[in-house]
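*Asks:* Quick one: sequence plus predicted model below, questions after.
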Amino acid sequence: MTDYPKLGLYIDGEWLSGDGREAQAVLNPATGETLADLPVASLADLDRALSAAQSGFETWRVTPADQRFAIMMKAAALVRERAEHIARIVTLEEGKPFAEARGEVVAGAGLLEFHAGETMRIFGRVMQRPSGTRSMVLHQPVGPVAAFCAWNFPAINVVRKIAPAIAAGCSIILKPSEETPGSAVEVMRCLADAGLPGSVAQIVFGVPDQISRHLLASPVTRKLSFTGSVPVGKALMKLASDTVMKMTMELGGHSPVLVFDDCDLEKTLDTLVTHKFRNAGQVCVAPTRFHVQEGIYEKFAAGFAERTRAMKVGNGLESGTHMGPLANPRRPDAMAAMIADAEKAGARLLAGGGRKQGGGFFFEPTVIADVPLEASAMNEEPFGPLALLRAFKTVDDAISEANRLPFGLAAYAFTEQGRRQNRLAEELEAGMIAINGVRLTWPDSPFGGVKESGFGSEDGPEGIQNHMITKAVHIS
């Protein structure tokens, strides 16, 4: 397919093809057809990447901030210039509608611009001491970073890993998802074309377990950054503990939505249905558990189901598509199993619930009401187009249920009462909270969770801070 790029590893400034390497197929989720073959990194490739990252760090850490700024700003301009091309690749390999894909790519350019600016704002401090002595605090780049990111946002996830690392003065070895490699390749081309030294940022693909074990066992690697599931995150943390490296973990969520009877119901429904099925629900911060005050519960459920049934499901490159396919053949099976389990427990199916006929990995946007707490979907992240509805009586009930699970990435609430808004902001156990809206991500705002949803933040000044070490210096 001519729109899809030639894939390769990027190590020490060189694009390496599949010649002499194993390869695996990359599929189009809308058709099930093969887009390209992806080269798999060998252990020798990984060792070369580690060596390059070490040498890249030694030069990049002392590169003046204004030079880092200029390269990152040029890369951001190239991402904007190539947004249509990169967005088409995102849709081809991940499935989301083209408009969503383009929005993701442009947001990635914004993140690059923000972190470029942060290179000029890495401040230490000097403390008051007696004359003739001095104490100061320095912030310095931690070292080479091993970063692993998920398939659901294949362009911005890559930027979210690379941008704060290189802004801080670190080098990075990135392993994007093998299911969505083309977007990562194109973002890296923008960075390379902007003049980023090849040893500073590199991309490898392959067997995830083999790559993570090799990179995290090396004394070269000084930081782990991971976006993905809770079980995989826990396994990586155990590997990283052997060398006591710095970590940023953005793990899974199961976002509660608290809808109170004083909300603007029609506006709330319009907002939530669109956001629930963005990227087919394959979003770590997707609103999933909808807890609705009992006085408006049935009206909310009927309105949610009506809007859901009106959504057009199809190829993300087709005009008017609201929701594309799921990213891989595993996801429709997972959705079907969760729905069957919920119905067996007594839940009501209000909309969707089945596979869409034809090729590809399509599944209908689905709404289930009266879902018992023991249903698997109420306890395990669905990560798909599945909205779970339950009624509640009091604010205490709502907060208790929202905080019931060990996850704490994002939470949403809709209420016009100011006192209640303040209480929810204080008591909801989540790293990010949206009240009377759904947007959680801004370049200047930290992105991260609490509890088993991880620790450390990406985006905002915190994104760079998590790539720095703090050093106290006392001079007599």
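*Replies:* Yep, that arrived.
*Asks:* Strands along the stretch 251-400 of the chain, start to end?
*Replies:* When secondary structure is read from DSSP state E, counting those that start in this stretch, the stretch 251-400 of the chain shows strands at 255-259, 287-293, 348-351, 366-369, 386-392.
*Asks:* I'd like the C-alpha coordinates of the third one written as CSV, please.
*Replies:* This points to strand 348-351. Backbone C-alpha positions of strand 348-351 (Å, rounded to 0.1, in the frame of the first residue of the first chain) are rendered in CSV as follows:
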residue,chain,number,x,y,z
ARG,A,348,-29.8,-4.9,30.5
LEU,A,349,-28.4,-4.6,27.0
LEU,A,350,-29.7,-1.2,25.6
ALA,A,351,-27.6,-0.8,22.5
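*Asks:* Each with direction, which strands does that strand pair with?
*Replies:* Next to strand 348-351 in the sheet, as set by DSSP bridges, lie strand 366-369 (antiparallel).
*Asks:* residues making contact with the strand it pairs with?
*Replies:* 301, 304-305, 308, 335, 339, 342-343, 347-353, 377, 385-390 (CB atoms under 8 Å, 6 or more residues apart in numbering). (Each C-beta comes from the backbone N, C-alpha and C, glycine too.)
*Asks:* redo that, cut-off 6 Å
*Replies:* When contacts are defined by CB atoms under 6 Å, 6 or more residues apart in numbering, strand 366-369 is touched by residues 301, 304-305, 308, 342, 347-353, 385-389.
*Asks:* go on, stretch 192-200?
*Replies:* The contact list for stretch 192-200, computed with CB under 6 Å, 6+ apart, reads Asp12, Gly13, Ala52, Ser55, Gly56, Trp60, Ile71, Lys74, Ala75, Leu78, Ser171.
*Asks:* Output those in CSV, with neighbour count appended to each entry.
*Replies:* Putting the contacts of stretch 192-200 into CSV (neighbours: other CB atoms under 10 Å) gives the following:
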residue, neighbour count
Asp12, 17
Gly13, 15
Ala52, 24
Ser55, 17
Gly56, 26
Trp60, 25
Ile71, 21
Lys74, 18
Ala75, 29
Leu78, 21
Ser171, 28
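*Asks:* and those, which two are the farthest apart?
*Replies:* Ser55 and Leu78 (25.1 Å; CB to CB).
*Asks:* So how do I select the buried members of the contacts of strand 366-369 in ChimeraX?
*Replies:* Under the burial definition 16 or more other CB atoms under 10 Å, those of these that qualify are selected in ChimeraX by:
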select :301,304,305,308,342,347,350,351,352,353,385,386,387,388,389
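*Asks:* which residues does the residue most central in space within the chain contact?
*Replies:* Nearest to the mean C-alpha position of the chain, counting by CA atoms, centre = their mean, stands Asn157 at 5.2 Å. When the contact criterion is CB under 6 Å, 6+ apart, the partners of Asn157 are Cys149, Thr227.
*Asks:* secondary structure element for it?
*Replies:* Assigned by DSSP states H and E, Asn157 belongs to helix 156-168.
*Asks:* by contact count, what packs against the very next helix or strand once past that helix?
*Replies:* Using DSSP H and E, the next helix or strand after helix 156-168 towards the C-terminus is strand 172-175. Contact partners of strand 172-175 among helices and strands, from 3 or more CB pairs under 6 Å, 6 or more residues apart in numbering; DSSP states H and E: strand 145-148, helix 156-168, strand 201-203.
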